[in-house]
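**Q** when you get a sec, could you give me coordinates for this:
(one chain, ligands or ions: 2)
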Amino acid sequence: MIMEDAFVVELAKVSKDYVGGGETTRVLTDISFQASPAELTLLLGPSGSGKTTFLSLVAGFTQPTAGDIRLFGNDIHRYSATKLAALRALRLGFVFQSFLLIDSLTVEENIELVRTFARFARKREGRGRSGEEIARGSEHRPQVTELLDRFGIAGLRRRYPPQLSQGERQRVAIARAIANDAQLILADEPTASLHADQGLEVIELLKHLATEDNRSVIVASHDTRLAEYATRTVTLTSGRFKSVRE
Ligand SMILES: Nc1ncnc2c1ncn2[C@@H]1O[C@H](COP(=O)(O)OP(=O)(O)OP(=O)(O)O)[C@@H](O)[C@H]1O
Ligand SMILES: [Mg+2]
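**A** Ligands and ions are numbered 1, 2, ... in the order given. Next up, the predicted model:
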């Protein structure tokens, strides 16, 4: 059972060390952070400052060395791998620098795949719930056609990713990120592979997901020009956060 909470993401005194080759490297120190719906948080920091590590912790891909991480009010590090996978399938969306679309599937199929994973996860979670409750949950999921129209890619639905421009690929990836109606979107350098104008289009789309759809969006980047689109900017220096609100 997923509990509701005012914060979508909550970190309390989180630290992260990487251990390997007889060495321990501290990457993040004592990070406390909260993200709410309708916020676009920009996480700025130079290469190697720990931005991807932060996003991996939030998504539960890696464990904190110290501190607590909650998603939607739940302590995710107490979750089993299956439960965590279900939470991601139902409530998280990801956008990456290199898009990570599946080249052997069409645009439409790439998006449909996320909905299929969500359907499986919902079935699993839905054990014990009534059919009516499960049906209600699915009402809000956007249809693939609506998503394609919204992102101006309806004409590309039968194409394969290698047949798209970089900017088009990222728009497909953003449509995919919300195909499960994700309330939390994690974007790692989403504009870094794009020309400046395409990059601005992408950050605008991400901002709409926050402000118009009431989702929480966290964008990691080293590009300070994105700050004007953010509702809040957090800077990572020497493993610590400095936060500035709009
Ligand atoms: N799995 C790992 N094992 C050991 N060290 C790691 C691992 N992943 C990352 N690091 C180290 O942790 C630090 C932070 O890495 P991270 O990828 O989080 O930085 P980043 O801010 O995302 O950088 P970039 O802007 O280049 O993507 C780096 O010094 C990196 O070498
Ligand atoms: Mg990174």
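**Q** give me the distance from stretch 238-246 to the chain's centre.
**A** Distance of stretch 238-246 from its chain centroid, counting by CA atoms, centre = their mean, to the nearest Å, is 19 Å.
**Q** can you tell me how far the closest residue to residue 186 other than its chain neighbours sits from residue 33?
**A** Nearest non-adjacent residue to residue 186, counting by CB to CB, 6 or more residues apart in numbering: residue 55, 4.9 Å away. Quick note: C-beta positions are derived from backbone N, CA and C, even for glycine. Relative to residue 33, residue 55 is positioned 12 Å away (CB to CB, to the nearest Å).
**Q** just checking, what packs against whatever helix or strand the residue nearest to residue 186 lives in?
**A** Following DSSP states H and E, one finds residue 55 within helix 51-58. Packing contacts for helix 51-58, counted by 3 or more CB pairs under 8 Å, 6 or more residues apart in numbering; DSSP states H and E, involve strand 9-20, strand 23-35, strand 40-44, strand 66-71, strand 184-188, strand 216-221.
**Q** let me see the confidence value for the residue of the chain found nearest ligand 2.
**A** Going by CB to the ion, ligand 2 is nearest to residue 52 of the chain, at 3.2 Å. Residue 52 is assigned a predicted lDDT (pLDDT) of 97.
**Q** check contacts around it.
**A** Residues near residue 52 by CB atoms under 8 Å, 6 or more residues apart in numbering: 188, 220.
**Q** can you check residue 239 too?
**A** Each residue near residue 239 by CB under 8 Å, 6+ apart is listed here: 26, 27, 28, 29, 31, 49, 50.
**Q** now swap in residue 104 and tell me
**A** Taking CB under 8 Å, 6+ apart as the criterion, residue 104 is in contact with residue 160.
**Q** against residue 159, how distant is it?
**A** With CB to CB as the criterion, residue 104 and residue 159 are 12 Å apart.
**Q** and for residue 238?
**A** Using CB to CB, one gets 45 Å for the distance from residue 238 to residue 159.
**Q** comparing those two, which residue is more hemmed in?
**A** Taking neighbours as other CB atoms under 10 Å, residue 238 and residue 159 compare with residue 159 leading, 15 against 9.
**Q** what's the closest non-adjacent residue to the more buried one?
**A** Leaving aside its chain neighbours, residue 159 sits nearest to residue 107 (5.7 Å; criterion: CB to CB, 6+ apart).
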